[in-house]
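Enquirer: Next one to model:
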Amino acid sequence: MALGVTKNKRIFEDLLETCKHNLPSVDEAMLKKAFELSYEAHKNDFRASGEPYFNHPYEVAMIVAKEIPLDDISVISALLHDVVEDTDIDISFIAKEFGKEVAEIVDGVTKMGGVFKGQDITQAENYRKMLLSMVKDVRVILVKFADRLHNMRTLEFVNPEKQRRIARETLEIYAPFAHRFGLARVKWELEDLSFKYLNKEAYDDLARKIKNKRRERENYINRFNTPIMEKLKEHGLKFEVSGRPKHLYSIYRKMIKRNKPFEEIYDLFAVRIILESNDSNECYYVLGIINQIYIPVPDRFKDYVSIPKTNNYQSIHTTVIGPEGKLVEVQIRTRKMHEVAEKGVAAHWKYKENKFTSDSELEEWVNWIRDVFENASKDEASKEILASFKLNLYQDEIYVFTPKGDLRRLPVNSTPVDFAFEIHSKVGYHCIGAKVNGKIVPLDTILHSGDQLEIITSKNQHPNRSWAMFVTTHKAKAAIRRWINKEEEQLVQSGKELWEKKVKKLKLSFSADDTIKLAKSLKYDGSGQLFKAIAQEKVNLDEVLAPKKDKEAKESISEMEFDSFANIARTDLGGILVDGKSENVMYSFAKCCNPIPGDPIVGYITIGEGIKIHRKTCDDLINIVKKGENRLVPVQWPTVDSNLFVAGLTIVGEDVPGILKDISHSITSYQNTNIKSVNIVANNSMFKGTITLYVKNLDHLSRIIERLKKNKGIYTVERFDSTNLV
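Expert: The predicted structure is shown next:
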């Protein structure tokens, strides 16, 4: 596949030269092969700006090679990162032509591209997917940073709605990740570009004010720098001094946080001194020189050289009083420190076990992510990691010591409980007290740099809900939250068991919906909260269930009992015929089978109780016959009203308008069937009723039942006899 185009040859040479300048080694043939494949795959596609689509993967590759220099594998992956998603080329082809590493990175970047489509980007699940991709190979997310950075730089060509969506996604997700990876330059640019599209009016206003003050600022910084540069040269130091740019979004955040106008915020000038030596001691040497020239502000000194930030940032920060009494912030760092500050983990890769990883701090962070996913549900893990980002972004730190003198880094406003969980989750769970600098202090005491802590534990102690109100670290908050959730689950289960036991004892019928409705009537969010209150003895079950108990008792009384129905049916037909004759013979109906008109029946001659009338299918009667007792006598129901007899039905269904009319029509429209009585009880949009009617025979009754079942809203229709009774 030949390039054939002079321009393509030139831009490939530019990319190759950039790679050679910034990367330790370059597989030129593989890079050219990836360049050609990417060009061919995208040559007929165009971006919203009208430019060839190939410009995008090319620029992403340039960012990876120049601004986030990793390795040639990453640059090749950047060139190919959209090929699988946008063309017919599959990942197996990439693996075959460029190797497994490139294929895995391209696949990871492709999958990450679909994480946020059609979703609310504030969902923690999005963080989870991004983190899982990153844990496999950190280069996936670094290539994705480059992809997002180029998209943000060309965002002006898409519609406003899409601009806002992408900008918000970038500000809430990509910028925090860039910060955690130490990619300061990428983070600043992503923030400023997001700010531009999310609040253009404020962005333009700030940009204009900064531009108007630019000359004044540059003149002042030159006057401030001159004596410093002269002294550093006198001491034979090699260095670079520059005004450190203030970023628009950072200024805007300070204005909002401090509720102050731009004029009051933008009075702190900033200077950065970069030493060509890699000897960190020179940073302190330069600090001493500056303090001889300008008066330092005591409470504005921070030493990140001795104690780096969690993302490995190192620098000395000091604020001094410059000419005209203006405050100037000075940062002092070596060239290597500057590379790390600007390019983060990309500045100091190390190869380990055939996988790219970064420094020990980032490894610890990635290991924490793995631990979270292994020991929590998917949803809990996502929320915990999301909380850690939102909590620890832009946060300052303090440094405290264990009783043995080991250093521990914590966020500002941390407490002994934060420290306890930082040591180990078990220490945190059983923390009962603390000593700070030898003195016992409350657990919500705010710690300060230099404090030495000793945690007092007890195996009987467990996290207190109030701890969640004052702890600061994501580790402490997440651990306390997990404990509270577990405790609540146990309370809910205990309360549920008490509830079910009581309901069963009272023989009440409670569906899941009934329980939820009851919970809400008692001002609880759902059945779970009700069960929890029961376990905590905040709810008296006898009082809560009393109305339901009374109601079901009344409903059972209002329903026609079987004996009443049977008496109506039997009385309506008159006496039983024994041997075809209506003689004055004493008889009664057996309770074991409760026969009613229409049932095939037989009589059994008892001693002293006359004839017992049984169904022919009665189990008790069959057992009597098996014993050889031949005291059966033929009996039958009398014939009246043209062979009609009374039958009963129970009907259950939805209490919808017109349902009684539909039931009546289904019965009376079939062979002019007459209804003898109706008894309907409605409750909570449902009804239950009994109907007695005149039918010719069992077939007649069966057909009526089938007709009733066809009505919309009817759940069950059953013959009303002893087998239906509960």
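Enquirer: Report the separation between Asn22 and Tyr694.
Expert: Here Asn22 is placed at a distance of 99 Å from Tyr694 (C-beta to C-beta, to the nearest Å). In this view, the C-beta of every residue, glycine as well, is placed from N, C-alpha and C.
Enquirer: Oops, could you answer that again for Ile432 instead?
Expert: Counting by C-beta to C-beta, the gap from Ile432 to Tyr694 is 80 Å.
Enquirer: So those two - more neighbours on which side?
Expert: Tyr694 (19 against 14; other C-beta atoms under 10 Å).
Enquirer: Pull out the buried residues from the helix or strand where that one lies.
Expert: Here Tyr694 sits within strand 686-695, counting by DSSP states H and E. Across strand 686-695, burial judged by 16 or more other C-beta atoms under 10 Å covers 687-695.
Enquirer: which among the residues you listed gets closest to Glu156?
Expert: Nearest to Glu156 among these is Phe687, at 65.0 Å by C-beta to C-beta.
Enquirer: Report pLDDT for the closest one.
Expert: In this model, Phe687 is scored at 83, pLDDT.
Enquirer: dump the residue contacts of the nearest residue to it once chain neighbours are set aside.
Expert: Spatial nearest neighbour of Phe687, excluding adjacent residues (C-beta to C-beta, 6 or more residues apart in numbering): Asp655 at 4.5 Å. Contact partners of Asp655, counting by C-beta atoms under 8 Å, 6 or more residues apart in numbering, are 682, 685-687.
Enquirer: Output those residues as CSV; include the columns distance to Val412.
Expert: Conversion of these to CSV gives the following (distance: C-beta to C-beta, whole Å):
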residue, distance to Val412
Ala682, 64
Ser685, 57
Met686, 60
Phe687, 65
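Enquirer: Return the member of those nearest to Ile613.
Expert: Each of the contacts of Asp655 was scored against Ile613 by C-beta to C-beta, and Phe687 proved nearest at 33.5 Å.
Enquirer: doesn't Val652 make contact with that closest one?
Expert: Yes: using C-beta atoms under 8 Å, Phe687 makes contact with Val652 at a distance of 7.3 Å.
Enquirer: Just confirm Tyr252 is within a helix.
Expert: Yes: counting by DSSP: H, G, I helix; E, B strand; the rest coil, Tyr252 is located in a helix.
Enquirer: Of the buried residues of strand 686-695, which is the nearest to Glu67?
Expert: Of all those, Phe687 has the smallest distance to Glu67: 72.9 Å, by C-beta to C-beta.
Enquirer: Can you give me the end-to-end span of stretch 263-283?
Expert: Separation of the first and last residues of stretch 263-283 by C-alpha to C-alpha, to the nearest Å is 32 Å.
Enquirer: what's the average pLDDT for that stretch?
Expert: Mean predicted confidence for stretch 263-283 is 82.
Enquirer: What are the buried residues along that stretch?
Expert: By 16+ other C-beta under 10 Å, the buried positions in stretch 263-283 come out as 265-266, 269-275, 280, 282-283.
Enquirer: for the record, mean pLDDT for stretch 205-219?
Expert: For stretch 205-219, mean pLDDT is 85.
Enquirer: Can you show me the CA trace of that stretch as CSV?
Expert: What follows is the C-alpha trace of stretch 205-219 in CSV, where atoms were taken according to Å, rounded to 0.1, in the frame of the first residue of the first chain:
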residue,chain,number,x,y,z
ASP,A,205,-15.1,37.7,30.2
LEU,A,206,-12.1,36.2,32.1
ALA,A,207,-10.1,35.8,28.9
ARG,A,208,-10.6,39.5,28.1
LYS,A,209,-9.6,40.6,31.6
ILE,A,210,-6.5,38.5,31.6
LYS,A,211,-5.5,39.8,28.1
ASN,A,212,-6.0,43.4,29.2
LYS,A,213,-3.6,42.8,32.1
ARG,A,214,-1.1,40.8,30.2
ARG,A,215,1.4,43.6,29.5
GLU,A,216,1.2,44.8,33.0
ARG,A,217,1.7,41.3,34.3
GLU,A,218,4.7,40.6,32.1
ASN,A,219,6.4,43.8,33.0
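Enquirer: buried stuff in that stretch?
Expert: 206, 209-210, 217.
Enquirer: what residue ranges in the stretch 201-350 of the chain score low on pLDDT?
Expert: Scanning the stretch 201-350 of the chain for pLDDT under 70 picks out 244-246, 265-268, 310-311, 343-350.
Enquirer: residue boundaries of the helices in it?
Expert: 214-234, 248-258, 262-265, 281-293, 335-343 (DSSP state H, counting those that start in this stretch).
Enquirer: Give me the helices and strands touching the second one, please.
Expert: When contacts are defined as 3 or more C-beta pairs under 8 Å, 6 or more residues apart in numbering; DSSP states H and E, helix 248-258 sits against helix 184-198, helix 200-212, helix 262-265.
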